[in-house]
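Undergrad: Fold the following and give me the result.
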Amino acid sequence: MARFQVLVTHTHLDQPGLGMLEAAGCRVDFLAADASGALSAQGARAELERRLATTAYDGIISRIVPIGGDAMRSCPTIRVISRAAVGYDNLDMPAATAQGIAVLTAVGANAQSVAEYAMGLMLTVARNIARHNTAIQAGGWERARLGLELRGRRLGLVGYGRIAQKVAALAQAFGMEVSAWSPNLHKAGDIAPVTRAATLHDLIRGCDVLSLHIPLTETSRNLIGADELALMGKEAILVNTGRGGLVDEAALAEALREGRIWGAGIDVLTQEPPPRDNPLLGLPNAILSPHVGAATTVARSATAETAARHLLDILLGRTPPSDAVVNPEVLRSSGRSGG
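TA: Now for the predicted structure:
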């Protein structure tokens with residue numbers, strides 16, 4: 001009999017994460033792909049809820065599929081949800097905490113991949129790369145539109161966690177000046193040569209490129225709205241590899257249509273996939289991608305390994321890294337705390 005029963009909320013788990021679970025005596029179940037080999041959002045959620053209601057799982061490794069409070073309560077044996085990702089806004093956190101379920105994220109595991117992607121979006125928007133490709137593919141050869149050079153421009157980072165710190169290093173290698181702001185940045189100590197902005201609005205006023213790297217919470221939802229976009233200049237660029245709900249998409253679309261900012265590189269949207277009436281669709285200065293900032297072979301393997309290790313930390317009674325634990329009160333109540 002398996003020592004632990006674990007549900008992975010996608011169709012596979014990369015090595016060495018899977019091997020780590022199997023070596024610890026876990027029985028690992030996966031959600032089933034449909035006939036096309038894909039996993040539809042609606043089908044995945046329905047199957048997840050069915051499995052939790054019928055199997056006594058000890059832990060879950062999750063990535064994309066939302067897990068609501070009713071699903072958690074249907075499986076009272078769950079002790080841990082370990083994210084093979086960094087965000088956790090697709091989990092009902094109050095329900096998890098109330099049920100005593102520890103929630104951990106794969107903090108840092110995909111940081112380099114996301115940081116590189118943020119720089120890629122920045123360059124694509126600044127130099128009109130996507131527009132040039134579209135024009136040439138359609139038979140054109142239009143060279144009149146000039147791009148922006150990043151060297152000497154100012155990058156503003158909203159949030160200064162591991163991803164943002166790597167973006168800062170890459171941007172500095174390009175010759176950019178970097179500033180950062182977050183509600184808790186005062187706890188970070190000296191962050192030189194990055195400068196610290198006193199407020200979000202001070203950060204926006206002082207930058208040419210704004211890049212978002214904070215979690216989506218009720219206080220950060222629509223953090224970048226019409227007022228914030230109005231503080232940006234005509235050659236300003238917005239990059240979002242954080243969470244879609246951080247940006248008021250209607251306000252951003254209006255600013256882009258009216259040419260009040262240069263462009264935006266958006267990897268995350270409020271609703272994914274976006275409905276056809278999403279206001280950002282069809283705008284030539286809005287570069288959109290399907291939430292793939294962390295989608296590299298290296299990051300996928302690293303997040304799988306980190307998620308498996310964090311899940312086993314909880315199931316085996318080990319102390320997990322404190323910065324990975326989203327709801328530390330659950331561990332404190334059980335007599336453990338992150339180390």
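
Undergrad: quick one: contacts for Ala188?
TA: For Ala188, the contact set (Cβ atoms under 8 Å, 6 or more residues apart in numbering) comprises Tyr160. No exception for glycine: its C-beta is placed from N, CA and C like everyone else's.

Undergrad: Quick check on it: phi, psi?
TA: Phi and psi for Ala188, reported as degrees, to the nearest 10, are phi -80, psi -10.

Undergrad: what does the one 4 residues further on give?
TA: Here the main-chain torsion angles of Ala192 (degrees, to the nearest 10) amount to phi -60, psi 140.

Undergrad: what's the pLDDT at it?
TA: With respect to pLDDT, Ala192 has a value of 90.

Undergrad: ok, it to Ala168 distance?
TA: Here the distance between Ala192 and Ala168 works out to 11 Å (Cβ to Cβ, to the nearest Å).

Undergrad: Pick out whichever of these two has more residues nearby.
TA: Between Ala192 and Ala168, Ala168 has the larger neighbour count (other Cβ atoms under 10 Å), namely 23 against 7.

Undergrad: For Asn285, which non-adjacent residue is closest in space?
TA: Once its chain neighbours are removed from consideration, Asn285 has its nearest residue in Gly263; the separation is 3.8 Å (Cβ to Cβ, 6 or more residues apart in numbering).

Undergrad: Next: Met72.
TA: That would be Ala95: by Cβ to Cβ, 6+ apart, it lies 5.2 Å from Met72.

Undergrad: Can you give me the separation between the one you found and Gly68?
TA: Counting by Cβ to Cβ, the gap from Ala95 to Gly68 is 7 Å.

Undergrad: And Val268, by the same measure?
TA: For Val268, the distance to Gly68 equals 21 Å [Cβ to Cβ].

Undergrad: picking up where we left off before, moving C-terminal of the helix or strand the residue nearest to Met72 falls within, what's the next helix or strand?
TA: For Ala95, the enclosing helix or strand under DSSP states H and E is helix 93-98. Using DSSP H and E, the helix or strand that follows helix 93-98 in sequence is strand 102-104.

Undergrad: for the stretch 201-339 of the chain, what are the low-confidence residue spans?
TA: 334-339 (pLDDT under 70).

Undergrad: tell me which residues of the lengthiest helix in the chain are tucked away?
TA: Scanning the chain for the helix with the most residues, using DSSP state H, yields helix 297-315. Within helix 297-315, the residues that qualify as buried by neighbour count (16 or more other Cβ atoms under 10 Å) are 299-315.

Undergrad: likewise stretch 46-54?
TA: So for stretch 46-54, counting by 16+ other Cβ under 10 Å, buried means Glu47, Leu48, Glu49, Arg51, Leu52.

Undergrad: Name the nearest residue to the first one, ignoring sequence neighbours.
TA: So the one you mean is Glu47. Beyond its immediate neighbours in the sequence, the residue positioned closest to Glu47 (Cβ to Cβ, 6+ apart) is Leu31, lying 5.2 Å away.
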